[in-house]
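Peer 1: heads up, no residue letters with this:
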C-alpha cells in the first residue's frame, strides 16, 4: 500500500513535468496566457504525508520547470512557498481537523475543493509573476497575468481532479 | 546543545522552506542580470535532449513553411551573388584567400518562448560546434538574439524579446544609431531609443544592426519604423519598430562569431583599465 503511494507520486511527478514543459508552456492563449498544471502535484500530494518531503519535492519540481523554461528560479520559489503554506490553506478550506477526518480531495465537497484549489493556484501565480516580471511599474501586467493564467489553471486542475479521482 | 537540536527538529519545515526559498530567489535575481545567467539553464544534455526529441516530431508539421523561408533566402543570396560577380569577387583568384571576418554556424531552434517578459531560445549547437557566449544569433530575416549560456551541444539565446536585451541599431538611410530594447507586450514589435531629435526619418524606414559592437555584423536587418514619439525629456525620439522576423515561428538560425571580437574587447578593456 505504501509502496503503491510512492510509485503513484513518482509517476505523477514525471508525467506532470513533461506535460507542463512540452505541451502547456507552448499554449500562449491570446499571446501570453499559459496554464500551470504541474502544481497539481503539490495540491493532491497526500494531505497527511511528510511535509518536509513535500517542500523538497515542490522545490525540485519548480526547479525542473525553471530549467526547461530558462526562468531562473521563479517556479521553484512559488512552488516551495505554496508547499510550505499548504497546511494553512487546508485548514481554511476543509476545517481545522482535516488531518483526523481523513479528507481526500476526490471525496471533498465541491465548494471546499474549489476554495482550496483557487487559494493554491492564485497564491502560486501571484508570486510567480511578481518574481518573473520583477518590476512594480508593471503591477497591472502582474495582476492581469495572475488573473487570466490563474483562471485557466484552476479550470484545468479541477478537470484533472475530476477525471482522475478513483471512484471507490 | 540538546535545545538547539530540538529547535532544529521542531522547526525543520520552516528551516527547509527558508533554505530552498532563498536558493530560488537567488537564482531568480541571478537570471535578471544578463551576464551571470549561467546557473540553471536549458543548455544541458537533459533538457536539451528532451527538447530535441520534441522538435524532431514538431518539424514534420512545419516542413512546407520552413522550406519556403529557406528558398526565399537562397533566392535573395543568389541575387546578391550575381550582382557581386561582376565587380569584386571575380578579381580574387581563390576564394579561400579571402579573410572572412565573421564565422557562421547553422543551428536549429529546439525551444522558443515569446510570451514572458524575459524570453529565451534553446538551440542545438554548443561548445563543440564553436559557439561561445556573447555571439549573435540571426535568422534569414533578421536579428534573433545573443547567446548567453552554453553546454557541450546546446546553447541558450537571450531573445530580442527580453527586457534585458540591448542591441546597437541604426537607421539604414542616415546611419544615426540608437539602442533597440523591448518593453514587454507584442512579440512582433520592439522599441528603438536614443535617436537624436534632429534626425530625419519616415515611417516605414528600415532599421539595421550597427557594426560598432562586436556581436553582430553591420547591416543585419531588424525591422521597419511603425510609429514614433518624443521621449519624456524631449531630446530623443522613441521609435516603435515592426520586426521583420516572426519571433513566434523560428526554426533555422545562424550563430555569428566575430573573429576579432577578443582582440577588440582586450583593446577596450586595456583602455578602461588605463583610465
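Peer 2: Structure received. What you are looking at is a predicted structure, and each value in this text was computed from that prediction instead of being measured.

Peer 1: Now do the contacts for residue B:240.
Peer 2: By CB atoms under 8 Å, 6 or more residues apart in numbering or on different chains, the residues touching residue B:240 are B:189, B:191, B:225-228. C-betas here are computed from N, CA, C, even on glycine.

Peer 1: Quickly list what it is bridged to.
Peer 2: Beta-bridge pairing of residue B:240 under DSSP bridges involves residue B:191, residue B:227.

Peer 1: low-scoring pLDDT stretches of chain A, where are they?
Peer 2: Filtered on pLDDT under 70, chain A yields the residue ranges A:1-2, A:166-168.

Peer 1: And chain B, by the same measure?
Peer 2: Going by pLDDT under 70, which is the cut-off in play, chain B has low-confidence ranges at B:34-40, B:85-99.

Peer 1: Touching, residue A:118 and residue A:157? I think so.
Peer 2: No. Here residue A:118 lies out of contact with residue A:157, judged by CB atoms under 8 Å, at a distance of 9.5 Å.

Peer 1: May I see the buried residues of the longest helix seen in chain A?
Peer 2: Here the longest helix in chain A is taken by residue count, with DSSP state H as the criterion, and it is helix A:139-164. Within helix A:139-164, the residues that qualify as buried are A:141-142, A:145-146, A:148-154, A:156-158, A:160-161, counting by 16 or more other CB atoms under 10 Å in any protein chain shown.

Peer 1: Please apply the same query to stretch B:148-159.
Peer 2: B:148-151, B:153-159.

Peer 1: got the residue ranges for the helices in the stretch 51-200 of chain B?
Peer 2: Here the stretch 51-200 of chain B has its helices, by DSSP state H, counting those that start in this stretch, at B:63-86.

Peer 1: Show me which residues of chain A sit near chain B.
Peer 2: If contact is defined as CB under 8 Å from any CB of the partner chain, the residues of chain A in contact with chain B are A:18, A:21-22, A:25, A:28, A:31-34, A:51-52, A:55-56, A:59, A:62-63, A:66-74, A:76-77, A:80-81, A:83-84, A:131-135, A:138, A:141.

Peer 1: Show me those residues that map onto helices.
Peer 2: Secondary structure defined by DSSP H assigns A:18, A:51-52, A:55-56, A:59, A:62-63, A:66-69, A:74, A:76-77, A:80-81, A:83-84, A:131-133, A:141 of the residues of chain A next to chain B to helices.

Peer 1: Now a ChimeraX select for only the buried ones of the residues you listed.
Peer 2: Buried members of these, identified by 16+ other CB under 10 Å, are gathered into one ChimeraX selection as follows:
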select /A:51,55,56,59,62,63,66,67,68,69,74,76,77,80,81,83,84,131,132,133,141
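
Peer 1: Quick check: residue B:166 vs residue B:139, distance?
Peer 2: Residue B:166 is 19 Å from residue B:139, where distance means CB to CB, to the nearest Å.

Peer 1: who's in contact with the residue nearest the centre of chain A?
Peer 2: Nearest to the mean C-alpha position of chain A, counting by CA atoms, centre = their mean, stands residue A:39 at 2.2 Å. Under the criterion of CB under 8 Å, 6+ apart, the neighbours of residue A:39 are A:79, A:82, A:120-121, A:124, A:153, A:157.

Peer 1: Return the closest of the residues you listed with respect to chain B.
Peer 2: In terms of CB to the nearest CB, no member of the contacts of residue A:39 lies closer to chain B than residue A:79, at 8.4 Å.

Peer 1: ok, now how distant is the nearest residue to that closest one once chain neighbours are set aside from residue A:54?
Peer 2: Counting by CB to CB, 6 or more residues apart in numbering or on different chains, residue A:79 lies nearest to residue A:62, which is 3.5 Å off, once chain neighbours are set aside. Distance of residue A:62 to residue A:54, given as CB to CB: 12 Å.

Peer 1: Am I right that residue B:219 is in a strand?
Peer 2: No. When classified by DSSP: H, G, I helix; E, B strand; the rest coil, residue B:219 is found to be coil rather than part of a strand.
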